[in-house]
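Colleague: here's a sequence, model it:
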Amino acid sequence: MEHVGPILAAAPVTLGVTAACLAVGALLGMVLLSGRRSRSWVVRTLSRMVIDVLRGIPPIVFLFIVFFGIGSGAIRLAPFEAALIGLGLISAAHLAEIYRGSLLAVNRGQFEASQALGLGRTTTYVRVIGPQAMRVAIPGMVTWAISLLKDSALVSTIGVAEIMSVANQDARASGSSLTPFIVAALIYIALGTPLAFLSRCLERRLGVTGGR
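Modeller: The predicted model follows:
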């Protein structure tokens, strides 16, 4: 039981990293989505390239690039700041694709009806298309949140004192090579299970796509 307290005390840091990166990704994902749907082919191409690159780089490699590369130069980044930038940008790329898929699920007739009513592009997306698309996107966003919660363990490699980092320190200090990591795994399960349950509930409640 002596391992539980210190590791459990790091759970708020893990949740903070996850929530902050998810929030950054949710906002920047909208920007990337706007770029993907821009009338300019240059903007569309650049947005798609950014998304493909960010989705193709392993998170731990990107964290090292941000922290040991960018963050060690003229701009100094604290471990939490580097984690926020690294996982936030990766989240943005994945969430942009979730948003795009949810827009594609909206019945094309909704766009045509908005045009027939004389609604502008902004009004169409904010008042008509957006609410229907978000209904489809929310379960996918919750699923990504679960993945991000697990990926948050990677920020221990750049010095963020979250669950995995504290478990590793505890294992070295106590000489117990297994118990602290079992405790960490159980805490991750305890944190992720409610999100998994929420995702399944949302899939059942919001499972009707906008295309029906």
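
Colleague: please make it C-alpha for all contacts and neighbour counts, starting now.
Modeller: Fine.

Colleague: what packs against the helix or strand bottoming out on mean pLDDT in the chain?
Modeller: The weakest-scoring helix or strand in the chain, judged by mean pLDDT, DSSP states H and E, is helix 121-123 (a mean of 77). Helices and strands touching helix 121-123, by 3 or more Cα pairs under 8 Å, 6 or more residues apart in numbering; DSSP states H and E: there are none.

Colleague: which residue, other than its chain neighbours, is closest to residue 23?
Modeller: Leaving aside its sequence neighbours, residue 23 sits nearest to residue 88 (Cα to Cα, 6 or more residues apart in numbering; 7.8 Å).

Colleague: please identify which helix or strand holds the one you found.
Modeller: helix 79-104 (DSSP states H and E).

Colleague: okay, buried residues for that helix please.
Modeller: 79-80, 82-100, 102-103 (16 or more other Cα atoms under 10 Å).

Colleague: now do stretch 145-158
Modeller: For stretch 145-158, by 16+ other Cα under 10 Å, it's 145, 146, 148, 149, 150, 152, 153, 154, 155, 156, 158.

Colleague: what of stretch 51-65?
Modeller: 51, 54, 55, 59, 60, 62, 63, 64.

Colleague: would you list those residues in CSV and tack on distance to residue 127 and pLDDT?
Modeller: Listed next are the buried residues of stretch 51-65 as CSV, based on distance: Cα to Cα, whole Å; pLDDT from 0 to 100:
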residue, distance to residue 127, pLDDT
51, 27, 96
54, 30, 95
55, 30, 95
59, 35, 94
60, 39, 94
62, 37, 95
63, 37, 94
64, 41, 94
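
Colleague: now those in a markdown table, with secondary structure?
Modeller: Formatted as a markdown table, these follow (DSSP: H, G, I helix; E, B strand; the rest coil):
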| residue | secondary structure |
| --- | --- |
| 51 | helix |
| 54 | helix |
| 55 | helix |
| 59 | helix |
| 60 | helix |
| 62 | helix |
| 63 | helix |
| 64 | helix |
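
Colleague: between all of those, which two are separated the most?
Modeller: Farthest apart among those by Cα to Cα are 51 and 64. That separation is 18.8 Å.

Colleague: for the residue nearest the centre of the chain, which non-adjacent residue is closest in space?
Modeller: Closest to where the C-alpha atoms of the chain average out (Cα atoms, centre = their mean) is residue 91, at 3.6 Å. If the residues on either side of it in the chain are set aside, residue 91 comes closest to residue 25, at 4.5 Å by Cα to Cα, 6+ apart.

Colleague: now that neighbour: how far from residue 115?
Modeller: 31 Å (Cα to Cα, to the nearest Å).

Colleague: surely the residue nearest to residue 23 and residue 25 touch.
Modeller: Yes: between residue 88 and residue 25 a contact is recorded at 4.9 Å, counting by Cα atoms under 8 Å.

Colleague: before we move on, the earlier item: against which helices or strands is the helix holding residue 88 packed?
Modeller: So helix 79-104, by 3+ Cα pairs under 8 Å, 6+ apart, packs with helix 11-36, helix 41-56, helix 59-64, helix 130-151.
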